[in-house]
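> Turn this into a structure:
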Amino acid sequence: MKRLILSAVLVNSAIASDMNNDNHVIDDRSNNDVTSNLGTKWQLVTDNVMGGLSQGELSLDKYKGKNCLRMRGNVTTENNGGFVQIALPLSEQGVFNASAYTGIEIEVAGNNELYNIHFRTGELWFPWQSYRSSFTAGSEWQTYRIPFSELEKYKTLHKFSQDELKRIGLVAIGREFQADLCLADIRFYRD
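Residues are numbered from 1 along each chain as shown. A predicted model of the protein is given here:
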């Protein structure tokens, strides 16, 4: 019985300690596989799931001195397609409550193209619905802070619910181009 109580105290202390920090690491690429710091796994998703013809790959890489996840691919709008993305479930229990945080912070590099970050919540039913923001991934590492308040609704009338986050995606979308995006760090931040 004492062992169970001690475990509960350690878990609760870890949660309290994290809540006192100004950020919550989602993935800092300290793992040597596609597993995030949350314990969930990154996956590649293309428009093939809807009949599109875009192709992509997700790999572990090192770019300009930093370990990263790298998404490469050919985005084509043929056959009503147009996206390649890497997606991560934010919780093994279904939803993640990010109400204590202001937004998301990402450290990225790439091929000077425009990319999106997409959030899905428990209130969205259709795969094309999301809350989005855009960023440019230049050839040098850059950190972006994207406040939740600046996310744009896409094909939904629901207000963004940061207490019901299900998945996050980094997406090459909407036009013909070669995607090449490296992610070194992603975390929730609090002002």
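> Where does pLDDT dip in the protein?
Screening the chain residue by residue with the criterion pLDDT under 70, one finds the ranges 1-21.
> show me where this structure has strands.
Counting by DSSP state E, the chain has these strands, from start to end: 23-27, 43-46, 55-63, 66-75, 83-89, 103-110, 113-121, 130-137, 142-147, 152-154, 165-173, 177-189.
> Which of those strands sits closest to Phe96?
Evaluated with CB to CB, the strands of the chain place strand 165-173 nearest to Phe96, the distance being 4.6 Å. Any C-beta I mention is one placed from the backbone N, CA and C, and that applies to glycine too.
> Give the buried residues for the closest one.
Leu165, Lys166, Arg167, Ile168, Gly169, Leu170, Val171, Ala172, Ile173 (16 or more other CB atoms under 10 Å).
> Bridged to the residue nearest the centre of the chain, which residues?
In the chain, the residue lying closest to the centroid (CA atoms, centre = their mean) is Ile168, at 3.6 Å. For Ile168, the beta-bridge partners are Leu88, Phe119 (DSSP bridges).
> got a list of what the residue nearest to Ile104 when sequence neighbours are not counted touches?
Counting by CB to CB, 6 or more residues apart in numbering, Ile146 is the residue found nearest to Ile104 once chain neighbours are left out, at 5.1 Å. Counting by CB atoms under 8 Å, 6 or more residues apart in numbering, Ile146 makes contact with Gly103, Ile104, Glu105, Ile106, Ile117, Ser133, Phe135.
> Next, format the residues you listed as a markdown table and append distance to Ala179 and neighbour count.
Output for these, formatted as a markdown table (distance: CB to CB, whole Å; neighbours: other CB atoms under 10 Å):
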| residue | distance to Ala179 | neighbour count |
| --- | --- | --- |
| Gly103 | 24 | 19 |
| Ile104 | 20 | 24 |
| Glu105 | 21 | 18 |
| Ile106 | 16 | 22 |
| Ile117 | 14 | 22 |
| Ser133 | 17 | 18 |
| Phe135 | 13 | 17 |
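> Tell me which of the strands of the chain sits nearest to Val95.
Taking CB to CB as the measure, the strands of the chain were each checked against Val95, and strand 165-173 came out nearest at 5.6 Å.
> helices and strands around the closest one, which ones?
Using 3 or more CB pairs under 8 Å, 6 or more residues apart in numbering; DSSP states H and E, the elements in contact with strand 165-173 are strand 66-75, strand 83-89, strand 103-110, strand 113-121, strand 177-189.
> Can you say which of those is packed in most?
Mean neighbour counts were compared across these using mean count of other CB atoms under 10 Å; the top stretch is strand 83-89, at a mean of 24.
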